[in-house]
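> Everything below, folded, please.
(one chain, ligands or ions: 1)
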Amino acid sequence: MSRLNVKDSEVFTVWTCKECPEAIFVHPDFFQDNGTPVCCDQDMIYDRTFVETETTAIFFKDDTNE
Ligand SMILES: [Zn+2]
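Here you go, the predicted model:
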């Protein structure tokens with residue numbers, strides 16, 4: 001394990017809609033003001049988080065088996 005400090009602006013959470021193909025990327029600070037993203041009049045489904053820095057992209061997957 002290693003720990004990497006990143007800025008909120010480099011972290012994206014991905015949300016998808018149950019009703020339509022819409023997918024959005026939002027930064028963590030989005031939730032302070034807005035809560036769970038909404039599409040088609042219902043809460044969107046959390047999909048994944050990724051970090052994109054100037055030098056690399058780190059993907060966090062749900063499955064931890066490696
Ligand atoms: Zn939708």
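> Show me which residues of the chain are close to the ion?
Neighbours of the ion within the chain, by C-beta under 5 Å from the ion: 17, 19, 20, 22, 39, 40. In short, each C-beta sits where N, CA and C put it, glycine included.
> Tabulate those in CSV, adding columns for distance to residue 5.
Formatted as CSV, the residues of the chain next to the ion follow (distance: C-beta to C-beta, whole Å):
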residue, distance to residue 5
17, 32
19, 37
20, 36
22, 31
39, 31
40, 36
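> Just name the closest of those residues to residue 32, please.
Relative to residue 32, the closest of the residues of the chain next to the ion is residue 39; by C-beta to C-beta it sits at 19.5 Å.
> what's the distance between that closest one and residue 45?
The gap separating residue 39 from residue 45 is 10 Å, by C-beta to C-beta, to the nearest Å.
> so what sits against both of the two?
Counting by C-beta atoms under 8 Å, 6 or more residues apart in numbering, the shared contacts of residue 39 and residue 45 are residue 17.
> between the two, which one's more packed in?
residue 39 (17 against 14; other C-beta atoms under 10 Å).
> ok, for the more buried one, nearest residue in space, not its chain neighbours?
residue 17 (4.0 Å; C-beta to C-beta, 6 or more residues apart in numbering).
> what's that neighbour in contact with, if anything?
23, 39, 40, 42, 44, 45.
> Now with 7 Å, please.
Each residue near residue 17 by C-beta atoms under 7 Å, 6 or more residues apart in numbering is listed here: 39, 40, 44.
> can you give me the helices for this structure?
30-34 (DSSP state H).
> Low-confidence ranges, it, go.
Scanning the chain for pLDDT under 70 picks out the ranges 55-66.
> What is the longest strand of it by residue count?
Determined from DSSP state E, the single longest strand within the chain is strand 45-52.
> what are the bridge partners for the residue nearest the centre of the chain, then?
In the chain, the residue lying closest to the centroid (C-alpha atoms, centre = their mean) is residue 13, at 0.7 Å. Judged by DSSP bridges, the bridge partners of residue 13 are residue 26, residue 49.
> Surely it touches residue 50?
No - applying C-beta atoms under 7 Å as the test, residue 13 and residue 50 come out as separate, 8.3 Å apart.
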